[in-house]
Structure formats: structure tokens, C-alpha cells
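[1] Pasting the sequence and the predicted coordinates here, then a few questions.
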Amino acid sequence: MEDIVLKAKEGDPEAFTALVREISPKLYKISCKYLCNEEDINDAIQETMYNAVKNLYQLKDSKKFEIWISKILKNNCLKILENENNNLLPLDENVINTYPMQSEQEQVEGNITFENLTKNLSKDEKQIINLKVNHQYKYKEISNKLNIPIKEIRKSYIKNIKKIKTKRLGGRNNG
């Protein structure tokens, strides 16, 4: 891959296309860890590709291309989450019920929403996931906010994130 990166840095569009083909599945998996819907995932990947093309000349070590582009993707995913967070209501008794339900068209198209992924979780479990993923609270902050021991917060989060990942992968658990 290092040779392809060097050619892409020199401006070879075919080399960059080959890089995109090779790295896209990895970028998709990374963005799935941060984002919950295909539109956001695709937006993050597209923005990452744009940033990579624009800034490839700044990459000092071609061996570190995957790390470099993964960091760009992570930052783009966090920007999308931050924009979503600006639209979220503050935590209160009704916060879980404020997530929009899927429309019939979305259900037919198979889009996955927060509500769909968490429908079998308790209110506290949903709040833990929401605070940790969307608001990026630390376990201790969640524990203080919900008056639940930190050990239970951590255990609930890990258990339910695994369930959600399995559900997102259609029942396959790839770690």
C-alpha cells in the first residue's frame, strides 16, 4: 500500500482511487462504531475522502496512511455527532421518548434508528447509551447524573453496546 500512497501523493488519480477501494471497508467499519445511520456514515466517509485528497501532501510517513485517514474519519464522525448533539434535548424524564420513530419508508428501506436499536432496553439503559455515545459523558458523570453505581453503569453500557452492535450487523457479532 505504501507505493500506492506515494503515487497518490504525487497526484496520480488512479492510485488514489485504488487507495479508496482498499481502505473503504475499514473506514465503513470505523464509522459504524460512531454513527447510527447510513446517511451519516456515508457523509463522514465522503468528507474524509475529500479531506484526504485535499491534505494528502501533508502526510509525512506513507506507512501511516491508514492511521492518518482513520483519525480524519474519527474527527468527521465526531463533528456529525456534535451537530446531532446540538439538536438533542437536555436529559429529563422524557428524553428517551423524544427520538423520532421510523417512518414506514425508513422501515422498508431498512434504516436503523436509535429507537429501533434500543427498543428492548430499559429507560436507564437507553439513557446510559445516550449519555455515553451521544454526549460523550464519562462513566463517573453518568453515575452521578443517574444515581447509579459506576460499576453498574459500566457493566450496562458494555453489555448493551454489544447487543446493539450485534443488531446493527444483522445478528452477526464481529467483535
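    Received, thanks.

[2] residues near the closest residue to S62 other than its chain neighbours, how many?
    Take S62 and drop its neighbours on the chain: the residue closest to it by CB to CB, 6 or more residues apart in numbering is V5, 4.0 Å away. Any C-beta I mention is one placed from the backbone N, CA and C, and that applies to glycine too. V5 has 23 neighbours, counted by other CB atoms under 10 Å.

[3] Hmm, V5 is touching L59, no?
    Yes. Taking contacts as CB atoms under 8 Å, V5 lies within contact range of L59: 7.3 Å.

[4] what about L56, which SS state?
    helix (DSSP: H, G, I helix; E, B strand; the rest coil).

[5] what's the spacing between K163 and V53?
    37 Å (CB to CB, to the nearest Å).

[6] For R154, the count of nearby residues, please.
    16.

[7] Now do the same contact list for it.
    Y139 (CB atoms under 8 Å, 6 or more residues apart in numbering).

[8] element containing it, please.
    R154 is part of helix 150-168 when elements are defined by DSSP states H and E.

[9] With L81 instead?
    helix 65-85.

[10] Can you tell me what sits against that helix?
    If you take CB under 8 Å, 6+ apart as the criterion, helix 65-85 is touched by 1-2, 5, 19, 23, 26-27, 30-31, 34-35, 40, 43-45, 47-48, 51-52, 55, 59, 133-136.

[11] please redo it, this time with the cut-off set to 6 Å
    Helix 65-85 has contacts (CB atoms under 6 Å, 6 or more residues apart in numbering) with 5, 27, 30-31, 34-35, 40, 44, 47-48, 51-52, 59, 134.

[12] tell me the mean pLDDT for it?
    Here helix 65-85 scores 84 as its mean pLDDT.

[13] now that helix: how far from the chain's centre is it?
    Helix 65-85 sits 8 Å away from the centroid of its parent chain (CA atoms, centre = their mean, to the nearest Å).

[14] Could you do stretch 123-134 as well?
    With CA atoms, centre = their mean, you get 15 Å for stretch 123-134.
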